[in-house]
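> Could you work out the structure for the sequence below:
(2 chains)
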Amino acid sequence: MLNKIISLMAECLEREPETIQASDLFRKYDEWDSLAYLSVIAQIDDDFGIVVPIEDFKACRTIQDLASYVDKHKA
Amino acid sequence: MPYIKFSNVGITAIAGAVPKREIDNRHYTHFMSEKEVETVISMTGIARRRFSDADTCSSDLAIAAAKRMIEKTQIDLTEIDLLLFVSQTPDYRTPPTSMMIADKLGLGKSVGAFDINLGCSGFVYGLQTAFLFANQPGIKKVLLLNGETKSKAYSSKDKATSLLFGDGAAATLVEKIANLNPTVMSMNSNGAGYHYIIMPGGGYRKPSSAATLVEKEFPDGSIRTDEHGSMDGEAVFNFTITDVPKDIKATVAEAGIDWDDVRYFVPHQANRFITNHIAKKFKVPADKILYSMDKYGNTSSVSIPLTIAECLPEGIISDKTLTVMTGFGVGLSWGTVTTDLHGARNCGICEL
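Numbers count the residues shown, from 1 in each chain, chains lettered A, B, ... in the order given. Below is the predicted model of the structure:
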């Protein structure tokens, strides 16, 4: 799941996957903005069949947090 | 609420009206960088919009749309028994606008008229109201008007909204008609999200004052007053990709139709990213989805009929005409309509 979330993030943010680490606070990326948020939420919905509620997404701080959340809640 | 169904009422004409003045989003604001503007345009698909001038109200646009429809259809005005006006940018806080429009159209004193205060779900809600009245044995025709001048409601310095909204109006005629595929309609609401799209000042909770007109800066750098509209884009986005697809799926299932039978899917023109995402969920082929947001932006409740008027050829709509429409927005409120446009006249769009 971690690798899937890294490649999903890489695609949505147009970053090289190698620049994304499990412990990264993804909101610190230069590319992170409200439109990146929309892309990530939509892509998670497409790939895993869940729309992450806003409060739950806020609680995810690192790439690993997000991967763990999606792994636990995926359809 | 339960689905509303009709087998003997339909849309028989649609016309649109937009202001002449075109806004090119690439040259609209210096408040955002060129890169920010390009990102928004590529995401939303909104490149141009129409803005009305200071003297033109939603009612003027709605009257223009209605007159175009009346001219093209040559309908007998005495047959219009009810006029509905859906808008969040009325001429006055009071009186309602619908009565003035009815008078200016020469509909006489026996016509019923009232306003409906709704935004982006307003066509779907208004259409259900129109169908319910038109289904009455004594009522001949219902004129549904949607009109908005949202350009006047949002701050040009708000990064979340300044490039989205455009002005326009649409007229939709509803009456009894035989031999159509049945119409199925849904309505939903969630007032817990009332603050996701809100103009906080200028009502009676926070009356208009010098304070409500002071510009304030927000964490994203946007600047607006309490009398500007504001939108929590992330919350609205989550709502549109969670609740709206569920409603579309359930309504289409209730109607007993298959997406293969649907000729047109007309989503509210919120932004292309959202509508593409929704369409993708149902595997709706691109050639069935109607779009006009590239030209007119998000015109709130006007967007569905304006898009039909823009995308379909002028004249009588025939052949495969089964249509799914979905509206969603302020309230929160949302709904879906499956209906048949067979025999309806597309009267096109005029400029004012």
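> show me the residues around the residue lying closest to A:K74 once chain neighbours are set aside that make contact.
Among residues not flanking A:K74 along the chain, A:F48 sits closest, at 4.1 Å (Cβ to Cβ, 6 or more residues apart in numbering or on different chains). No exception for glycine: its C-beta is placed from N, CA and C like everyone else's. By Cβ atoms under 8 Å, 6 or more residues apart in numbering or on different chains, the contact list for A:F48 reads A:V70, A:K74, A:A75.
> Of those residues, which one scores lowest on pLDDT?
Of all those, A:A75 carries the smallest pLDDT score, 79.
> wait, that one sits on A:D47?
No - judged on Cβ atoms under 8 Å, A:A75 makes no contact with A:D47 at a distance of 10.1 Å.
> And these two? Which one has more around it.
A:D47 (14 against 6; other Cβ atoms under 10 Å in any protein chain shown).
> check contacts around the residue in the stretch 51-200 of chain B that chain A sits nearest to.
Per Cβ to the nearest Cβ, B:A160 is where the stretch 51-200 of chain B lies closest to chain A, at 7.4 Å. The contact partners of B:A160, by Cβ under 8 Å, 6+ apart, come to A:S34, B:D220, B:S222, B:S230, B:M231, B:D232, B:G233.
> Please report the distance of the fourth one from B:H27.
According to Cβ to Cβ, to the nearest Å, B:S230 stands 24 Å off from B:H27.
> ok so, going back, what's the closest of the contacts of A:F48 to chain B?
A:A75 (12.4 Å).
> How about the secondary structure of that closest one?
Three-state call for A:A75 (DSSP: H, G, I helix; E, B strand; the rest coil): coil.
> What separation is there between it and A:D46?
In terms of Cβ to Cβ, A:A75 sits 11 Å off from A:D46.
> give me the beta-bridge partners of the closest residue to B:A62 other than its chain neighbours?
Distance criterion Cβ to Cβ, 6+ apart; nearest residue to B:A62, sequence neighbours excluded, is B:G147 at 3.6 Å. Applying DSSP bridges to B:G147 gives these bridge partners: B:A169.
> surely B:G147 meets B:T172?
No - judged on Cβ under 8 Å, B:G147 makes no contact with B:T172 at a distance of 11.8 Å.
> and the helix or strand that contains A:M9, what other elements does it pack with?
Following DSSP states H and E, one finds A:M9 within helix A:2-13. Where contact means 3 or more Cβ pairs under 8 Å, 6 or more residues apart in numbering or on different chains; DSSP states H and E, helix A:2-13 is packed against helix A:34-48, helix A:63-73.
> Among the ones you listed, which comes closest to B:I289?
Among the helices and strands packed on helix A:2-13, the nearest to B:I289 by Cβ to Cβ is helix A:34-48 (16.5 Å).
> Would you mark the buried spots in that closest one?
Burial within helix A:34-48, assessed by neighbour count using 16 or more other Cβ atoms under 10 Å in any protein chain shown, is assigned to A:34-45, A:48.
> The closest residue to chain B within chain A: what secondary structure?
Residue of chain A nearest chain B, by Cβ to the nearest Cβ: A:V51 (4.5 Å). Secondary structure state of A:V51, per three-state DSSP, is coil.
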